[in-house]
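*Asks:* A predicted structure for the sequence below; I have some questions about it.
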2 protein chains.
Amino acid sequence: MTGRNALYVQSGGVTAVINATACGLIQEARRCHEQIGTVYAGRDGLLGVLSEDLIDTSQETDEDIARLRYAPGGAFGASRYGLGALATHRVQYERLIDVLQAHDIGYFFMNGGDGSMGALQQLSSVLAELGYPLVCLGIPKTVDNDLAQTDTCPGFGSVAKYVATSMREASLDVASMARTSTRVFILEAMGRHAGWIAAACGLAAEREGEPPHILLFPEVPFDHERLLTRVEACVRRHGYCAIAVAEGLCDQQGCALPSGGGLAPDQPNPPGSVGRFVGELIKSRLGYKYHLALADYLQRSARHLASGTDVAQAHALGVAAVQWALAGQRDVMLCLNRLADQPYRWDIGAVALDKVANVAHRMPAAFIADDGFHITEACRRYLLPLIEGEDPPPYRNGLPDYVHLRLQLVAKRLRFYAL
Amino acid sequence: MTGRNALYVQSGGVTAVINATACGLIQEARRCHEQIGTVYAGRDGLLGVLSEDLIDTSQETDEDIARLRYAPGGAFGASRYGLGALATHRVQYERLIDVLQAHDIGYFFMNGGDGSMGALQQLSSVLAELGYPLVCLGIPKTVDNDLAQTDTCPGFGSVAKYVATSMREASLDVASMARTSTRVFILEAMGRHAGWIAAACGLAAEREGEPPHILLFPEVPFDHERLLTRVEACVRRHGYCAIAVAEGLCDQQGCALPSGGGLAPDQPNPPGSVGRFVGELIKSRLGYKYHLALADYLQRSARHLASGTDVAQAHALGVAAVQWALAGQRDVMLCLNRLADQPYRWDIGAVALDKVANVAHRMPAAFIADDGFHITEACRRYLLPLIEGEDPPPYRNGLPDYVHLRLQLVAKRLRFYAL
C-alpha cells in the first residue's frame, strides 16, 4: 500500500544548500514508501505547478539524489510567484486543484523564505475553503537569515562562511601591498533589509585590529563624516582599512543609498552601486586608492565552501518535513531551535505559518556595537556555530562535480493553461 | 661553518601561493644551514631593502614556516618598485650595496613577474659593475600567467580553479531562476593584457551548452553586434547566458573599453567597469536583467580553494631556488617545464633573465575558438592539469586558520635613508 503523492517546491532566491533539503526530503520519502507515494517537484517553483510541469523525482537514482546534497542552486528551478486573493484569482486556484487532483497530491512542501510562507498560508487556507484536503508544510530557506521564529535559515550559514573567509583572504592580500598600493578594500555583501551577511564578515576579525575594520549595516543610518573619520584613523593605525558593506545601506532619512543616483525611487540599486558609492566617497575625500569586490551570486552559490552545520541542518529539515507531515502536522513552517551555543546543539520544531509569513527578522540592536561599525560579542556567539564545519563536494578534473539530474517531466493529464 | 646570508623579496601583485614559495625556500635554506646563513625578507619588497627593514625569518618557528604554505597574500609585504639606471640612480645602488654588505647578503631571490625580473636583471648587472658579488635568482609568480618561457606561473592555477568553480556554481544559481529573473550573468575576471583567467573560466563548460557560454578576451577586439547576437541566441536556447569577461577588453581600435567613459586615456579602468559596460549594453539592447560579479582580490587570494598542482609547484620552486643558487646558478629565472599533459608531469628548469624580463606572454591564437567566444581543446588540455588537486588549509572556528608570523626586524646597522 502506498499513500498519496507529494509535491515539493523551491521558491524565491536559491542557496548553496537548498538541494540538501531536497535530498533529505526525497530520501526520507523513499524510506517511507509505504505511507507516501511519489515526490514530484514543481519545475521553476509554483509556476511549474500551474503549468503542470511536474518533475518526477522517482526517475532519479538513489545515487543522484544523494549527490543533490552537494549541488548549489535550485535543482528543480525556483521562482518568486505570488498567489492572489480567492475573489480575484479563483481560476488560478481551481487550476491548482485540478493539477493536485490529477496527480493525487496529498502533501505540499514549500521550501522558501517569508514571502513564500505567505503564499503557502494563502494556498492552504483557500484550498481548505474550496474543499481540497492538502497537508501544507513550510521548510525555511534564505541566505538573508531574516525569517522570524527560527534560530537561523538554511543557506545563511554557508554564505556567512563564504564572506568571512573571503574577507580574511582578501584582507591578507591588501595588507601585504597597502604601503604602495590599495589602502581601502570594500566587500559588498547581500542584504537589502538586514545586515546579517555583513555582520558575518565580522567573524574574520578575531583579535583587536584584525580585518574587517568597519561593517556598514542597513540597520545603522549611514553617516558620511563618521565613516571618513573612522577610515582615516584605521589607515593611519593599520596601514589599510577593510570594509564590508550591506547592499541595502540607508541614509539618515531611511532612503536607500546612493541617493540621487537617477534611479526611480521604487527601483532597488543594482548590486555594486553601494560599494562603489562608498569607495568613491573615500577616494574623493581622503585620496585613498580603493578596490571593490562584488561577490554577487558567488556568495550564495559557493557550495565548495559550505558550512557543515548549514548542510546538516538543511538536510535534516528535508527529512523532518516528511516525518512531521506523516505524523499529521500541517500549516506550519519547520524551524531550528538553538539549545546551546558552545558546543552548538539544536533541534527541529514547528511554528504556525502566520507567525512567519511576510515577517522580516532584522538584526537585534544588541548585536551591533555601540559605534555602529562592528558586531558585539553576543552577535559573535550567535554566528560562530553557524559557520562551523566543512562539507566539501566531490571534485573531478579539478572542479566540484555537481550532479546532473534527469529532470523527467510526468505525462500531462490536463489541457494547456496560460500563465 | 655557515655560508653567506640570503635575501628574499616578494615583488608585484601577490597570489594565493606566493607564501608557499617562501615556505619552500626557507625550509630548504634551514636544511642547508651549513652552506647558507640566515634568510632575510625585505619588508614590503625592495622598499624594505632600501630602508634596511629586513625581516629575520630565523625568528620564526619551523611550525610557523610550515604553515606559510597555506597563507594567501604576501607574508612579508610586497611592492612594485622599479630601479632606475645607474647613471641617474647611483645613490640608490650604493645604498643597496651598503645594506647587502652590512648584513652579509650573498644570495638574492626575487619572487615576481616579468617587471620584477627586469628589476632583478638591472640589479644584478649594476651590482656586478660596481663590484659587489651577488647571486641573483628569479622565482616566477603571477596570477596573470603572462610570463614567458615557463609552462605556467605559480598563482595562476589557483585563480584559474577559483574562477572556473565560481562560474560553475553561480551559473547553477542563475539557471535555476532564469525563467522569471536574471537572464545574463557576468563574471569579470582579472587580466588587463591577457585573457588567461577568462579562459580558465571556460573549464567549467565540459559539455555542449554548459556555462560559461561566452568568454570575452583582450586578445579579441570587442564587437557589440556579434556579442548581442550570440547572447540572444544563447538565452533562447538555454534560457540564460553566462559570460566571463577579462577586465582588459579592447575595442576594434585596440583601446581599452569602456571608451568615452570620462577617464583619462592613460588611466586604467577601475575593476568592474568593463563588466558593467557589457551588462548595460545587453540590458539596454536586449532587455535582459543581468547580474555582475566582481571577484577582484577574492580571486587571487582564495587560498581555501587553491589548486594542489599550483601549491606543489610554488613550494618546489622555493626549494629549488636554494638548491640552484648553492649549485652556482645565477642571473636566471627558474621556470616550469611541461613533460606531459595527461597525467601532467613537470620539472624545474632555468632561463636567462633577459629572456623573461618585461616580456608579456599572451594567449596563443590556437587557444581561442574560431568565433572568438570560447577556448579550444588545445587550451583545455593546457589548462586542465593546472587546476587539478585540492590542498585545503587547516580550519579553526569555521574559518581558514592562517599563520601570524612574528615578522621581527633585524637591528639596523646603517643610518636612515629617505626613500
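*Replies:* Yep, it's here. Numbering: from 1, shown residues only, chains lettered A, B, ... in the order given.

*Asks:* what ranges do the helices span in the stretch 251-400 of chain A?
*Replies:* Along the stretch 251-400 of chain A, the stretches classed as helices by DSSP state H, counting those that start in this stretch are A:273-286, A:297-301, A:308-326, A:353-356, A:377-383.

*Asks:* show residues contacting the shortest one.
*Replies:* Right, the one you point to is helix A:353-356. For helix A:353-356, contacts defined as CB atoms under 8 Å, 6 or more residues apart in numbering or on different chains pick out A:114, A:117, A:120-121, A:124, A:136, A:138, A:140, A:147-150, A:331-333, A:335. Every residue, glycine included, has its C-beta placed from N, CA and C.

*Asks:* can you flag the buried ones in those?
*Replies:* Among the contacts of helix A:353-356, those classed as buried by 16 or more other CB atoms under 10 Å in any protein chain shown are A:114, A:117, A:120-121, A:124, A:136, A:138, A:140, A:147-150, A:331-333, A:335.

*Asks:* circling back to that earlier point, nearest to A:Asp64, out of the helices of the stretch 251-400 of chain A?
*Replies:* With CB to CB, the closest approach to A:Asp64 among the helices of the stretch 251-400 of chain A belongs to helix A:308-326: 15.4 Å.

*Asks:* give me the buried positions along the closest one.
*Replies:* If you call a residue buried by 16+ other CB under 10 Å, then helix A:308-326 has these buried ones: A:308-322, A:324-326.

*Asks:* thinking again about what came up before, so which of the contacts of helix A:353-356 reach chain B?
*Replies:* Among these, no residue is within reach of chain B (CB under 8 Å from any CB of the partner chain).

*Asks:* of those, which is the nearest to B:Glu388?
*Replies:* Proximity of those to B:Glu388 was ranked by CB to CB; the top entry is A:Pro140 with 37.6 Å.

*Asks:* relative to its centre, which residue of chain A is most distant?
*Replies:* In chain A, A:Thr180 marks the outermost C-alpha relative to the chain mean, sitting 38.7 Å out by CA atoms, centre = their mean.

*Asks:* excluding its backbone neighbours, what's nearest it?
*Replies:* By the measure of CB to CB, 6 or more residues apart in numbering or on different chains, the closest residue to A:Thr180 outside its immediate chain neighbours is B:Ser79, 4.4 Å from it.

*Asks:* ditto for A:Leu294
*Replies:* Of all residues not flanking A:Leu294 in the chain, B:Leu294 sits nearest, at 4.0 Å (CB to CB, 6+ apart).

*Asks:* run a quick neighbour tally on the one you found.
*Replies:* Other residues near B:Leu294 come to 30 when the count uses other CB atoms under 10 Å in any protein chain shown.

*Asks:* need the contact list for it.
*Replies:* Contacts here follow CB under 8 Å, 6+ apart; on that basis B:Leu294 touches A:272, A:292-294, A:296, B:188, B:271-272, B:275.

*Asks:* look up which residues are beta-bridged to it.
*Replies:* Here B:Leu294 sits in beta bridges with A:Leu294, B:Glu188, going by DSSP bridges.

*Asks:* and the helix or strand A:Met167 falls within, what other elements does it pack with?
*Replies:* Under the assignment given by DSSP states H and E, the secondary-structure element containing A:Met167 is helix A:156-177. Helices and strands touching helix A:156-177, by 3 or more CB pairs under 8 Å, 6 or more residues apart in numbering or on different chains; DSSP states H and E, are strand A:184-189, helix A:196-201, strand A:241-246, strand A:290-294, helix A:297-301, helix A:308-326, helix B:297-301, strand B:399-400.

*Asks:* any idea how far A:Ala128 lies from chain B?
*Replies:* The spacing between A:Ala128 and chain B, counted by CB to the nearest CB, to the nearest Å, is 28 Å.

*Asks:* do the same with A:Pro400
*Replies:* With the distance defined as CB to the nearest CB, A:Pro400 ends up 6 Å from chain B.

*Asks:* that residue touches A:His304, doesn't it?
*Replies:* Yes. The pair A:Pro400 and A:His304 passes the contact test of CB atoms under 8 Å, sitting 5.1 Å apart.

*Asks:* any common contacting residues for those two?
*Replies:* Taking CB under 8 Å, 6+ apart as the contact rule, A:Pro400 and A:His304 both touch A:392-393, B:165, B:169.

*Asks:* could I get these as TSV with neighbour count, pLDDT and distance to B:Ala205?
*Replies:* Compiled in TSV, those are given as follows (neighbours: other CB atoms under 10 Å in any protein chain shown; pLDDT from 0 to 100; distance: CB to CB, whole Å):
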residue	neighbour count	pLDDT	distance to B:Ala205
A:Pro392	16	98	22
A:Pro393	21	98	18
B:Thr165	27	98	13
B:Glu169	27	98	13
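
*Asks:* among the residues you listed, which one lies nearest to A:Leu96?
*Replies:* Taking CB to CB as the measure, A:Leu96 lies nearest B:Glu169 of these, at 33.0 Å.

*Asks:* nearest residue to that closest one in space, please, no chain neighbours.
*Replies:* Sequence neighbours aside, A:Ser301 is the residue nearest to B:Glu169 in space, at 4.0 Å (criterion: CB to CB, 6+ apart).

*Asks:* burial count for the one you found?
*Replies:* Neighbouring residues of A:Ser301 were enumerated by other CB under 10 Å; the total is 30.

*Asks:* what of A:Gly239?
*Replies:* For A:Gly239, the number of neighbouring residues by other CB under 10 Å comes to 16.

*Asks:* who touches it in this structure?
*Replies:* Applying CB under 8 Å, 6+ apart, one finds that A:Gly239 lies in contact with A:175, A:178-179, A:183.

*Asks:* nearest to B:Val99, out of the helices of the stretch 251-400 of chain A?
*Replies:* Closest of the helices of the stretch 251-400 of chain A to B:Val99 is helix A:273-286, at 33.1 Å (criterion: CB to CB).

*Asks:* packing partners for that closest one?
*Replies:* Using 3+ CB pairs under 8 Å, 6+ apart as the contact criterion, the elements in contact with helix A:273-286 are strand A:184-189, helix A:224-238, strand A:241-246, strand A:290-294.

*Asks:* what would the ones you listed look like in JSON lines with distance to A:Gln92 and mean pLDDT?
*Replies:* As requested, the helices and strands packed on helix A:273-286 are exported to JSON lines (distance: least, CB to CB, whole Å; pLDDT from 0 to 100):
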{"stretch": "strand A:184-189", "distance to A:Gln92": "36", "mean pLDDT": "98"}
{"stretch": "helix A:224-238", "distance to A:Gln92": "48", "mean pLDDT": "98"}
{"stretch": "strand A:241-246", "distance to A:Gln92": "36", "mean pLDDT": "98"}
{"stretch": "strand A:290-294", "distance to A:Gln92": "38", "mean pLDDT": "96"}
